[in-house]
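Undergrad: got a predicted structure here, sequence first:
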Amino acid sequence: MLFAHLFALATMGVGYGAGTIVIYGEVKNVQQADTPNSIIQLDPLCTLMGDLDPSIEDNIIAAVTFGGDVSRIIEPPPVGAKVICLLSREDHRLSKNAIRFRISNGIVPYFPKQSDGKSSPAMFIVTSFDDPKVTETIENVRKFRAKDREEAEKKAAAEKKP
Amino acid sequence: MLFAPLFIIVGMGVGYNAGTIVVYAEVKNVQQTEGPSHIIKLDPLSTLMGDLDPSMEVSISAAVSIGGNVSEIAEPPPVGAKVICLLSRVTSKTRRDNIRFTITNGVMTHFPKQINGKESPAMFIVSGFDDPKVKETIENLRKYRAKDREEAEQKARQ
């Protein structure tokens, strides 16, 4: 129980790093591995942040933990649900199986707050792309990456100079 | 007038290469520059294909030719419309202005056919992300890139 809470605290406040991706996807399958660990299969319909090309990586298999004791993601989403999901790319050299992604069990500060007012988990259900939470996520991730954007623009301007 | 059909032929059947991107976007502005030449400003809400991060490139200005004589894009989309759009990235070295993208005037064979049965232009209006044409585009793009996907999977296994 203590480990569970420590584990949750350790992964709180997930930031941006290379290999961090936000997608709008459809849940294709959820399979429990060993409690509370599960494997989720997602169809990434489109990318909202990061370097995932959904026409190439069209089937995402990610490791995820569910359950209030160990994860902010309380329960698995039903098959067919549309979700916003923050994925972290795993180094395939470190992974012996087909799992190439991981979903954090912590809080994602730039995801919209859930209806219970608590900070958001790294995966949450939306009704569709028109759900206001999708627009809020897009706005939030853009604010979150404002500094990265500024740096990229400076770099591009410097490269342009003769 | 002779140049117009030649221009269309040159732009037809655009294939995939690095710098080719498909986005689901909202039209923010359309400005006519000269004759059929326009600059369109898009808010790329999400990426369906290619290497564009919509949290980094939040506003896209693209050069596009509009008008039946020179382009498969017959008329400019209204501001606020949601569109599916194929963009080609241009290097800053090849253009003096701030335009980093172009939209081809040709036919897109991997975009869904239009209501009149004709092949699609590189930009077309959709009602929203739930429009069946969005799903069809996603499916077509995945079929179209099956070989690239195979190669990427082989590379990942190595």
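TA: Perfect, thanks for sending it.
Undergrad: so which strand or helix has the residue nearest the centre of chain A?
TA: The centre of chain A sits closest to residue A:86, judged by CA atoms, centre = their mean, with a distance of 0.7 Å. In this assignment (DSSP states H and E), residue A:86 forms part of strand A:82-89.
Undergrad: given the helix or strand just after that strand, what are its sheet partners and their directions?
TA: Downstream of strand A:82-89, the first helix or strand assigned by DSSP H and E is strand A:101-102. When pairing is defined by DSSP bridges, strand A:101-102 lines up against strand A:60-65 (parallel), strand A:82-89 (antiparallel).
Undergrad: which residues does the strand holding residue A:86 contact?
TA: For strand A:82-89, contacts defined as CB atoms under 8 Å, 6 or more residues apart in numbering or on different chains pick out A:14, A:17, A:19-27, A:42, A:45, A:48, A:50, A:52, A:60, A:62, A:77, A:100-104, A:108, A:111, A:122-129, A:131, A:133-134, A:137. For the C-beta atoms, the positions are set from N, CA and C on the backbone; glycine is no exception.
Undergrad: export that strand to PDB, keeping only CA atoms.
TA: Extracted C-alpha coordinates of strand A:82-89, given in PDB (Å, rounded to 0.1, in the frame of the first residue of the first chain):
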ATOM      1  CA  LYS A  82     -12.700   7.600 -27.700                       C
ATOM      2  CA  VAL A  83      -9.900   8.800 -25.400                       C
ATOM      3  CA  ILE A  84      -7.300  11.400 -25.100                       C
ATOM      4  CA  CYS A  85      -4.100   9.700 -24.000                       C
ATOM      5  CA  LEU A  86      -0.600  10.800 -23.100                       C
ATOM      6  CA  LEU A  87       1.900   8.200 -24.300                       C
ATOM      7  CA  SER A  88       5.600   7.800 -23.500                       C
ATOM      8  CA  ARG A  89       7.600   6.000 -26.100                       C
END
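Undergrad: for residue 101, which residues are in contact?
TA: Unless you meant another one, I'm taking chain A. Applying CB under 8 Å, 6+ apart, the residues near residue A:101 are A:21, A:60-63, A:87-90.
Undergrad: my question was about chain B
TA: B:21, B:60-63, B:87-90.
Undergrad: burial measure for residue A:118, as a count.
TA: 11 (other CB atoms under 10 Å in any protein chain shown).
Undergrad: ok, it to residue A:131 distance?
TA: Distance, residue A:118 to residue A:131, using CB to CB, to the nearest Å: 18 Å.
Undergrad: do you have the helices of chain B handy? List them.
TA: B:3-11, B:132-144, B:146-157 (DSSP state H).
Undergrad: quick one: mean pLDDT over the first one.
TA: Taken as a whole, helix B:3-11 has an average pLDDT of 39.
Undergrad: same deal with stretch A:152-162?
TA: 78.
Undergrad: for it, buried residues please.
TA: Using 16 or more other CB atoms under 10 Å in any protein chain shown as the test for burial, stretch A:152-162 gives no buried residues.
Undergrad: please export the C-alpha coordinates of it as CSV.
TA: Once non-C-alpha atoms are left out, stretch A:152-162 reads as follows in CSV (Å, rounded to 0.1, in the frame of the first residue of the first chain):
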residue,chain,number,x,y,z
ALA,A,152,12.2,26.5,-32.2
GLU,A,153,11.3,29.8,-33.8
LYS,A,154,14.6,31.4,-32.6
LYS,A,155,16.5,28.5,-34.0
ALA,A,156,14.7,28.7,-37.3
ALA,A,157,15.4,32.5,-37.5
ALA,A,158,19.1,31.9,-36.7
GLU,A,159,19.4,29.3,-39.5
LYS,A,160,17.8,31.7,-41.9
LYS,A,161,20.5,34.3,-41.4
PRO,A,162,23.2,34.2,-44.0
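Undergrad: sorry, back to before: nearest residue to the residue nearest to the centre of chain A in space, please, no chain neighbours.
TA: Nearest-residue entry for residue A:86: residue A:122, 4.2 Å, with adjacent residues in sequence omitted and distances by CB to CB, 6 or more residues apart in numbering or on different chains.
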